[in-house]
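**Student:** The following block contains a protein sequence and its predicted model.
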Amino acid sequence: MTATKRAAPPDRVARAAAGPDPGSFPADFVWGAATASYQIEGAVAEDGRTPSIWDAFAATPGRVRGGDTGAVACDHYHRYAEDVDLVAGLGLGAYRFSLAWPRICPDSDGRVNAAGLDFYDRLVDALLAQGVTPWATLYHWDLPQVLEERGGWPSRDTVDRFVELTAAAHDRLGDRVHHWITLNEPWCSAFLGYASGLHAPGRTDGDAAVAAAHHLLLAHGRAVEVLRADPQAQVGISVNLYPVVPLDDRPGNLDAARRIDGLQNRWFLDPLLLGSYPADVLEDLGLSASPAWLRDGDLAEISRPLDFLGINYYTRHTVRSGAYPGSAGVEFLDPRGPLAANGWGVEPDGLADILTRITRDYGDVPLVVTENGSAWDDAVDAAGAVEDAERTDYLASHLEACSRAIAAGVPLRGYFAWSLLDNFEWAEGYAVRFGLVHVDYATQKRTTKASGRWYARFVEDHRASILGP
Ligand code: IFM
């Protein structure tokens, strides 16, 4: 996802966050925080790792704000033990991280790089030693550049290479990792990567983007099959969803909302959970019911049953019929309420809406919020603290939304805050901070923010509500 920096509006007023009753979450609810490999690891040329599409993209002038790259990031590759201590110190039961494909299958030629897997071995052992359950994401956007040069996600061959990655990762880690997320936000990989070009690899070809989306989903389905051989594996996928609100009831605006909801939400939910692509979106895209990239049996593979569906939620959007070039006749309106520092609206009701909508429209697949968070202009003050009341408020209001969804019958099983650490925010570089923990990029000093301490207290209160006085 990309962000636009804006001036802080006057209604960005910090208030003490109360949050929901911790006891309103089920006893076995999973509390965690999430990160992704390229955003935190650094060490891009160590132990046999080859460049990913994000190394190549970030090295291209003008692609990433300030010319930032992930070359060092949070230096997590070397400081993982300290970061695991931070997770444990927050009292979190789970940590979601992703595996860097170019560390594990650097040349995508069938060879597995043991040294690259060694890093995740160490990380997983460190987590388990502290009682933290590892949740591993197989793909969070760092495709090996060598694969992009062979066609990238628009090429069906990339699906087979992803199966190799999945098998290699599971062979090494499957005795200790039991929670697997195949892909993170395939919409971003496909449409930001291949249509708008705002993300790596930076292509602008709508047809390639639609083919990429299909191959990502197929790669997911095939990875599910590989992981299913392990009876202990809990398998899901993380999709980025948001409610799309029409400006008003005029037919053009209702249709604009339908189109965006179709492309953003249903284009992924329908094949994953219903085994079909939405007919109206196929029509919007000018595609027949059997596009060239769709082969017999693909949808059955894509819709293999999931143990959970991961939802990444940040904000919701209001749209109206418009005529901007490239907008598919749809205009996104500026959010009206409070804005985070990157210009995204703070819309907690949108989270409750999307959770209840999935349960209503797709049945009772267990849900996990695998990302939720907000960016603010955090700084370490003279006392050495980061007083990020706005992030605390965001967390509290979104947990409240989760609590309401649970009360309404949504089978929500867990929540992962995005992110554990400030990190490389893709095309926004290091200018946008999402962490519960502040990172001083010059010194790599970590400082747990007030929001991190609030979240830790909330999780502790939840534990106490189960155990009783
Ligand atoms: O930082 C990203 C993450 O990598 C994917 N989901 C959205 C986050 C905030 O933009």
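**Tutor:** Right, received. Where do you want to start? Numbers count the residues shown, from 1 in each chain.

**Student:** Quickly list what the residue of the stretch 201-350 of the chain found nearest the ligand is bridged to.
**Tutor:** Across the stretch 201-350 of the chain, no residue is closer to the ligand than N312, which sits at 5.3 Å (Cβ to the nearest ligand atom). Yep, even glycine has a C-beta here, placed from its N, CA and C like the rest. Under the criterion DSSP bridges, N312 forms beta bridges with N240, E371.

**Student:** mind listing what it touches?
**Tutor:** N184, E185, S238, V239, N240, L241, V369, T370, E371, N372, W418 (Cβ atoms under 8 Å, 6 or more residues apart in numbering).

**Student:** Compute the distance between it and I358, please.
**Tutor:** 13 Å (Cβ to Cβ, to the nearest Å).

**Student:** Share the number of residues neighbouring the residue in the stretch 101-250 of the chain that the ligand sits nearest to, please.
**Tutor:** Proximity of the stretch 101-250 of the chain to the ligand (Cβ to the nearest ligand atom) peaks at E185, 5.5 Å away. Residue neighbour count, defined by other Cβ atoms under 10 Å, stands at 26 for E185.

**Student:** I'd guessed it sits against L241; true?
**Tutor:** No - between E185 and L241 no contact is recorded; they are 9.5 Å apart, counting by Cβ atoms under 8 Å.

**Student:** Next, count neighbours for G206.
**Tutor:** One way to gauge burial is a neighbour count; for G206, by other Cβ under 10 Å, it gives 16.

**Student:** Not counting its neighbours along the chain, what's nearest the residue of the stretch 101-250 of the chain closest to the ligand?
**Tutor:** Nearest in space to E185, with sequence neighbours left out and distances taken as Cβ to Cβ, 6 or more residues apart in numbering, is N240 at 4.3 Å.

**Student:** Ok, Y77 next?
**Tutor:** A43 (3.5 Å).

**Student:** Also G174?
**Tutor:** Spatial nearest neighbour of G174, excluding adjacent residues (Cβ to Cβ, 6+ apart): D230 at 5.4 Å.

**Student:** can you count the residues close to the one you found?
**Tutor:** By the criterion of other Cβ under 10 Å, D230 has 15 neighbours.

**Student:** sec struct for it, please.
**Tutor:** Counting by DSSP: H, G, I helix; E, B strand; the rest coil, the backbone at D230 sits in coil.

**Student:** residue ranges of the strands in the stretch 301-450 of the chain, please?
**Tutor:** Along the stretch 301-450 of the chain, the stretches classed as strands by DSSP state E, counting those that start in this stretch are 308-312, 317-321, 330-332, 367-371, 412-418, 437-440, 445-448.

**Student:** residue contacts, the nearest residue to P335 once chain neighbours are set aside?
**Tutor:** Computed as Cβ to Cβ, 6+ apart, the closest residue to P335 that is not its neighbour in sequence is G345, at 2.8 Å. Residues in contact with G345 (Cβ under 8 Å, 6+ apart) are T315, R316, P335, R336, G337, P338, L339.

**Student:** ok, those vs A256, which is closest?
**Tutor:** Within the contacts of G345, the smallest distance to A256 is 14.3 Å, found for R316 (Cβ to Cβ).

**Student:** any idea how far that closest one lies from D349?
**Tutor:** Distance of R316 to D349, given as Cβ to Cβ: 8 Å.

**Student:** How about S52: which residues does it bridge to?
**Tutor:** Residues in beta-bridge contact with S52 (DSSP bridges): P144.

**Student:** wouldn't it be in contact with P144 here?
**Tutor:** Yes - the criterion here is Cβ under 8 Å, and S52 meets it with P144 at 6.0 Å.

**Student:** intersection of neighbour lists for these two?
**Tutor:** W101, P102.

**Student:** for the ligand, what are the nearby residues on the stretch 351-469 of the chain?
**Tutor:** Taking Cβ under 6 Å from any ligand atom as the criterion, the neighbours of the ligand within the stretch 351-469 of the chain are E371, W418, E425, F434.

**Student:** Identify the farthest-apart pair in those residues.
**Tutor:** Among those, the pair separated by the greatest distance (Cβ to Cβ) is E371 and E425, which sit 12.7 Å apart.

**Student:** For the stretch 151-300 of the chain, which segments count as helices?
**Tutor:** In the stretch 151-300 of the chain, the helices defined using DSSP state H, counting those that start in this stretch lie at 157-173, 186-187, 193-194, 206-228, 251-261, 267-269, 279-284, 298-302.

**Student:** Just give the number of residues close to D381.
**Tutor:** 9.

**Student:** Could you check how far it is from A450?
**Tutor:** D381 is 10 Å from A450, by Cβ to Cβ.

**Student:** what residues do the two have in common as contacts?
**Tutor:** E387.

**Student:** Least confident secondary structure element in this structure?
**Tutor:** The helix or strand of the chain with the poorest confidence is strand 330-332; it has a mean of 93 (mean pLDDT, DSSP states H and E).

**Student:** For that strand, which residues meet the burial criterion?
**Tutor:** Within strand 330-332, the residues that qualify as buried by neighbour count (16 or more other Cβ atoms under 10 Å) are V330.

**Student:** Adjacent strands (with direction) for that strand?
**Tutor:** Here strand 330-332 is paired, per DSSP bridges, with strand 317-321 (antiparallel).

**Student:** Now do the strand it pairs with: everything it contacts.
**Tutor:** Residues outside strand 317-321 that contact it (Cβ under 8 Å, 6+ apart) are 242-248, 250, 252-253, 255-257, 260, 329-333, 335-336.

**Student:** thinking again about what came up before, identify the contacts common to N312 and I358.
**Tutor:** A shared contact of N312 and I358, defined by Cβ under 8 Å, 6+ apart, is any residue touching both; here these are L241.

**Student:** any idea how far R259 is from D353?
**Tutor:** Note on R259: its distance to D353, by Cβ to Cβ, is 18 Å.

**Student:** and the chain, which of its residues are near the ligand?
**Tutor:** On the criterion Cβ under 6 Å from any ligand atom, the ligand has as its neighbours in the chain the residues M1, A36, Q39, E185, N312, E371, W418, E425, F434.

**Student:** for the fourth one, what are its contacts?
**Tutor:** The neighbours of E185, taking Cβ under 8 Å, 6+ apart as the test, are M1, W141, S238, V239, N240, N312.

**Student:** what about G252, neighbour count?
**Tutor:** Using other Cβ under 10 Å, G252 has 14 other residues around it.

**Student:** coming back round to it: now the contacts of strand 317-321: which count as buried?
**Tutor:** 242-247, 253, 255-257, 260, 330, 335.
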